[in-house]
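In: just need the structure, nothing else, for what follows:
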Amino acid sequence: MRHFSCAFFTTCFLFIASISSGQQVMNYSFGEGLKFVAEDNSFAVKCNFRFQTLYQGRYFETGDWTESLMIRRSRLKFGGHAFRPNIKYKLELGLSNRDVGSGNIPESGPTANIVLDAVVKWQFAENWQLWVGQTKLPGNRERVFSSQELQFVDRSRVNSRYTLDRDIGIQLHGKHKIGRCAVIEEKLAISTGEGRNIIVNNPYNGRQYTARFEWLPFGSFANDGDYFGADLEREDNVKLSLGITADYNHNTVRSRGNLGSFVREGEEYVASNLNTLFIDALLKYRGFSASGEYAHRSTFDSKNPEFGYGQGIALAAGYLLPSDWELSGRFTEISPANVSSINQASEYLIGISKYVSGHSLKIQSDFSYTTRKLDRDFFMMRVQVEVAL
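Out: Numbering: from 1, shown residues only. This is a model prediction of the structure:
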């Protein structure tokens, strides 16, 4: 792994140095990365690097105190167009220990999990794009938010328990204006159903099918503000987005579909058909933002307690002051089904953020209290610094 990282960064350095000597630097300002474009516009490259430094402390009801200091995320991203401007690509790599993780494949043992996104996006018509490769599925809104652009230190427990996450396959994205200002967005996906970087065949030949629809009755948000936290654009008019996602993961052998452990009984895999529903909403107006997400996961054919069934809800709101300080709050509740291994929990959280340069340079903190049915309740304090170049 260490030799790979050294070789990779050396290659990146030589690549950027070589194209900068023969191509034109289009833009270089904080938070927007390095951009290069060929003289004939046959390709373009944009390179970004970001990391998060996180402190976390927990105080349990038994009097125990635990704490940690870590690089929560460290990412290297490339994007641009290839051959023609309507053919775009994105490559994102995870470099921290938490990013890399493990493939957790029984036959192969722990494996590096470096590639987050590797996807090509072809805009074949004015309102339609075809995506091919590995990237986030069009699931709950909170998950599709970049981890760089969250309103809180991290996503809610609803996301961590029920999200669809990344997978490899094809996606179709459409966006259409209805009437004077309303917008409808359609997103469809067919993928392997086992998550990112999995190279072992599913013995049950499973597939995953995802459909998401969004309605923006008052028109589009400024600068795609419906997909980042806080109202940094300070919308002059009320903007609202309502979304619904339905997902069917057929014959998955992982406990949470795209995530979780591989479920086995003896030497045999255990497959299940997971049905997931998300309903979410986001409102922004003059620095105020409010959001809500509901998730429900069920199955009709498996009683194995390792599969995560149940439902959850997350409600959040915040106000961005003229000084770019934000005070926010979030309530989360997880209600698993009786057969699920997921623990019932409720979280009450208050967040304080300072946006020095939008989501590219910010300091975020939150204070929360979590109650759990089958485990100890605890208070938690987190402070995180985000730097994105």
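In: low-confidence stretches in the protein?
Out: Scanning the chain for pLDDT under 70 picks out the ranges 1-28, 101-112, 200, 302-303, 305, 338-341.
In: need the residue closest to the centroid of it.
Out: R143 (3.6 Å; Cα atoms, centre = their mean).
In: quick one: the helices in this protein, in order.
Out: For the chain, the helices defined by DSSP state H cover 2-22, 97-100, 141-144, 157-162.
In: OK, contacts around the nearest residue to the residue nearest to the centre of the chain once chain neighbours are set aside?
Out: Spatial nearest neighbour of R143, excluding adjacent residues (Cβ to Cβ, 6 or more residues apart in numbering): T163 at 4.4 Å. Just so you know, the C-beta spots here come from the backbone N, C-alpha and C atoms, and that holds for glycine as well. T163 makes contacts with G139, N140, E142, R143, R155, N258, L259, as judged by Cβ atoms under 8 Å, 6 or more residues apart in numbering.
In: now swap in N41 and tell me
Out: By Cβ under 8 Å, 6+ apart, N41 lies in contact with P85.
In: tell me the spacing between it and L349.
Out: Noted for N41: a distance of 47 Å to L349, by Cβ to Cβ, to the nearest Å.
In: for Q56, give its distance to R254.
Out: The gap separating Q56 from R254 is 27 Å, by Cβ to Cβ.
In: out of the two, which sits in the more crowded spot?
Out: Between Q56 and R254, counted using other Cβ atoms under 10 Å, R254 has the larger neighbour count: 26 against 17.
In: right, and the more buried one touches R196 too?
Out: No. With contact defined as Cβ atoms under 8 Å, R254 does not reach R196; the gap is 11.5 Å.
In: what sits in contact with each of these two?
Out: Residues touching both R254 and R196 by Cβ under 8 Å, 6+ apart: none at all.
In: correct me, but K90 touches R75?
Out: No. Assessed by Cβ under 8 Å, K90 is found out of contact with R75, at 11.8 Å.
In: what touches both of these two?
Out: Residues touching both K90 and R75 (Cβ under 8 Å, 6+ apart): none.
In: count of neighbours near F124?
Out: If we define neighbours as other Cβ under 10 Å, then F124 has 10 of them.
In: same question for the one 4 residues further on.
Out: Neighbours of W128 under the rule other Cβ under 10 Å: 14.
In: burial count for the closest residue to it other than its chain neighbours?
Out: Distance criterion Cβ to Cβ, 6+ apart; nearest residue to W128, sequence neighbours excluded, is G174 at 5.1 Å. Residues near G174, counting by other Cβ under 10 Å, number 14.
In: distance of W131 relative to I114?
Out: Using Cβ to Cβ, we find W131 at a distance of 20 Å from I114.
In: one more: I199?
Out: Applying Cβ to Cβ to I199 and I114 gives a distance of 13 Å.
In: higher neighbour count, those two?
Out: I114 (19 against 10).
In: tell me which residues form a beta bridge with the closest residue to the more buried one other than its chain neighbours?
Out: Once flanking residues are discounted, I114 sits nearest to L93: 5.4 Å by Cβ to Cβ, 6+ apart. Assessed by DSSP bridges, L93 has beta-bridge partners L76, V115.
In: L93 contacts L76, correct?
Out: Yes. Counting by Cβ under 8 Å, L93 touches L76, with 4.8 Å between them.
In: ok, which stretches of the stretch 201-350 of the chain are strands?
Out: Taking DSSP state E, counting those that start in this stretch, the strands of the stretch 201-350 of the chain run over residues 207-216, 239-252, 254-256, 259-262, 264-265, 268-269, 272-285, 288-298, 310-320, 325-336, 345-357.
In: of these, which is nearest T66?
Out: Smallest distance to T66 across the strands of the stretch 201-350 of the chain (Cβ to Cβ): 17.1 Å, for strand 345-357.
In: buried stuff in that closest one?
Out: A345, S346, E347, L349, G351, S353, Y355 (16 or more other Cβ atoms under 10 Å).
In: relative orientation of it and strand 310-320 in degrees?
Out: In terms of direction (axes from the mean of the first three to the mean of the last three Cα atoms, to 10 degrees), strand 345-357 departs from strand 310-320 by 30 degrees.
In: ok, now how distant is the residue nearest to I114 from I170?
Out: Distance, L93 to I170, using Cβ to Cβ: 22 Å.
In: who's more crowded, these two?
Out: More crowded of L93 and I170, by other Cβ under 10 Å: L93, with 19 against 13.
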